[in-house]
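A.B. asks: Got a predicted structure plus its sequence, pasted below:
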Amino acid sequence: MPLNSYSDTFMKIVRSTLFVVLMAFVVTSCKDKVQDVSPGDGTAETANPDWTTESHSGDGTPNYDIVFPQSQVNTLEITMTAADWTAIKTDMQTLTGTAFGARGSSSTQGGGGAPAGGTPPNGGTMPGGNGNAAGGGALDLIGGDPIYVATTLKFNGKTWNKVGLRLKGNSSLSSIWGAGIYKLPFRLKLDEFEDKYPEIDNQRLYGFKELSMSPAYADNSLIREKVVADIFRMGGVATARTAFYKVYINFGEGAKYCGVYTMVEIIDDTMVKDQFGEKKGNIYKPESTFQSFVQSQFEKKNNETTPDYSDVQAFVTALNSTDRTTNAAQWRANLEKTFNVDNYLKYLAINNTIVNWDSYGAMAHNYYLYNSPTNKLTWIPWDHNMSMTSSSTGGGMSRSAVSLAMTEVGTGWPLIRNVAADPVYYAKYKQYVRSFADNVFTTAKMNELFEKYTTLITPYVTGTEKEVSPYTNLTNTAAFTASLAELKQHVVTRNQAVNTFLK
């Protein structure tokens, strides 16, 4: 064969080989790109070119503007299978001893969470109001966390697959469940099933791994969870961010409109890092009255593999030290080495002024403790739907809100009792009550806040998209309409109470 023919043949082979290698590289690169940004089943149906690092990846930073907007109502669409809904019902009947809807609708909105007679199932404990209840722990109506099921989530024009959803709550969940209301409190965990489905490893919703959805149980205004969180931050107390959402849930038989929810940021996911600048210190979600240190009452939300509870143990020891009555200055100094007392006094001033029926002093839960960069435990309030009302919605549960003077609070709640009994702390507390009432809790500021949020959600409560039974916890739409005036009057009444208290 002539030399030129050999040369031509060789070049054809080289070109063909290079083409094959190049195409293989392109296909592999495209495949890797889809896998990197497309959580899902790994099937063609779940691949979506709109998925991005910002929206789905654990490398994205929390986008508060998208997930927690303050001037619009976002929409969530959640789909589960009929089999998953059946699994939830079976699990909840085991945990509560009650089938879905078994107690009837009378249990909701003011019916409280405990069964008739006030005896909780599963051996739960019930601290007695503001008295001298022994021990600690909260009222347990549900014997453990409900199961997660894998759901499909649609939001902001995008889809998230295999998102973990579980019901959450205690008295509110028990009441709603027993009443057969589908507007249930729940929590989302974006990467709950990553071990089973590696393609969703570190899946996030615009930087958020977990989110809590509050259905505004016992709150006909539907805005208390949002408003109170805002009020605490306005008063200088760090609190989770919140936003309103319209929620549609498919329980396996088609999407149902479940009304307006308040999405709440999870403390140990993003809130601590956002508002404290880091989250290395221990984060606890206690169920303790602080009469004594019982490790099981201090659930760790981070650093779980490090069995170090010395920070909270030192706090409880300092709080209950006999120095309080023999050397008050030394008692205060030791307490302040372990606990951010000034922050707690601000919290106490706000909480007592607005009235909160479901917080420490009435129940031994609904707060977090964070060992902040100052190396002092900092109080973070949680769960506000049963606040800013003059009457308890606790039904079968015996409790009462802490008064401004706190004189009724017994030794069973030492963090309130001991602080209130100390003249130095009590004087500072009264200063914070005055400052909060004068600068934050004014009728003008509160009315503006109430009107803003009521106007924002009204179209999705009583408008063309109405909350209707059995997908709402509202007693009726008239109750929603009347609640705005009730909130406004509550502010007037509480400011009068502040003036009387501080005379």
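C.D. replies: Done, it's in. Numbering: from 1, shown residues only.
A.B. asks: alpha carbons only for contacts and neighbour counts from here, please
C.D. replies: Will do.
A.B. asks: Point out where this protein drops to low pLDDT.
C.D. replies: 1-50, 105-140, 392-399 (pLDDT under 70).
A.B. asks: how about the strands of it, start to end?
C.D. replies: For the chain, the strands defined by DSSP state E occupy 74-79, 149-155, 158-167, 186-189, 210-214, 242-250, 255-265, 283-286, 298-300, 367-371, 377-381.
A.B. asks: Give the other helices and strands that the longest one contacts.
C.D. replies: Using 3 or more Cα pairs under 8 Å, 6 or more residues apart in numbering; DSSP states H and E, the elements in contact with strand 255-265 are strand 210-214, strand 242-250.
A.B. asks: Distance from that strand to the middle of the chain?
C.D. replies: 13 Å (Cα atoms, centre = their mean, to the nearest Å).
A.B. asks: That strand vs strand 210-214, what angle?
C.D. replies: With axes from the mean of the first three to the mean of the last three Cα atoms, to 10 degrees as the basis, strand 255-265 and strand 210-214 are set at 120 degrees to each other.
A.B. asks: Can I get strand 255-265 as CSV, trimmed to CA atoms?
C.D. replies: C-alpha atoms of strand 255-265 as CSV (Å, rounded to 0.1, in the frame of the first residue of the first chain):
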residue,chain,number,x,y,z
ALA,A,255,-54.5,17.6,46.9
LYS,A,256,-56.5,19.2,49.7
TYR,A,257,-56.1,22.8,50.8
CYS,A,258,-55.1,22.8,54.4
GLY,A,259,-55.1,26.5,54.9
VAL,A,260,-52.6,29.0,56.2
TYR,A,261,-49.6,27.7,58.2
THR,A,262,-46.7,29.5,59.9
MET,A,263,-43.4,28.1,58.9
VAL,A,264,-40.9,28.3,61.8
GLU,A,265,-37.2,28.1,61.5
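A.B. asks: what would the helices and strands packed on strand 255-265 look like in a markdown table with mean neighbour count and distance to Tyr370?
C.D. replies: Listed next are those as a markdown table, based on neighbours: other Cα atoms under 10 Å; distance: least, Cα to Cα, whole Å:
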| stretch | mean neighbour count | distance to Tyr370 |
| --- | --- | --- |
| strand 210-214 | 23 | 18 |
| strand 242-250 | 23 | 19 |
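A.B. asks: Format those as CSV; extra columns: distance to Gly157.
C.D. replies: Converted to CSV, the helices and strands packed on strand 255-265 look like this (distance: least, Cα to Cα, whole Å):
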stretch, distance to Gly157
strand 210-214, 19
strand 242-250, 14
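A.B. asks: what's the closest of these to Ile283?
C.D. replies: Minimum separation from Ile283 across the helices and strands packed on strand 255-265 (Cα to Cα) falls at strand 210-214, 15.5 Å.
A.B. asks: For that closest one, name the packing helices and strands.
C.D. replies: Short answer (3+ Cα pairs under 8 Å, 6+ apart): strand 210-214 packs on strand 186-189, strand 255-265.
A.B. asks: hmm, 10 Å instead?
C.D. replies: strand 158-167, strand 186-189, strand 242-250, strand 255-265 (3 or more Cα pairs under 10 Å, 6 or more residues apart in numbering; DSSP states H and E).
A.B. asks: what's the angle from the longest one to strand 242-250?
C.D. replies: Taking the same axes, to 10 degrees, one finds that strand 255-265 is oriented at 150 degrees with respect to strand 242-250.
A.B. asks: now the angle from strand 255-265 to strand 74-79?
C.D. replies: Going by the same axes, to 10 degrees, strand 255-265 makes 120 degrees with strand 74-79.
A.B. asks: so which of the helices and strands packed on strand 210-214 gets nearest Trp413?
C.D. replies: Of these, nearest to Trp413 by Cα to Cα is strand 255-265, at 27.4 Å.
A.B. asks: Direction included, what does that closest one pair up with?
C.D. replies: Applying DSSP bridges, strand 255-265 is found paired with strand 210-214 (antiparallel), strand 242-250 (antiparallel).
A.B. asks: For stretch 57-77, measure first residue to last.
C.D. replies: 20 Å (Cα to Cα, to the nearest Å).
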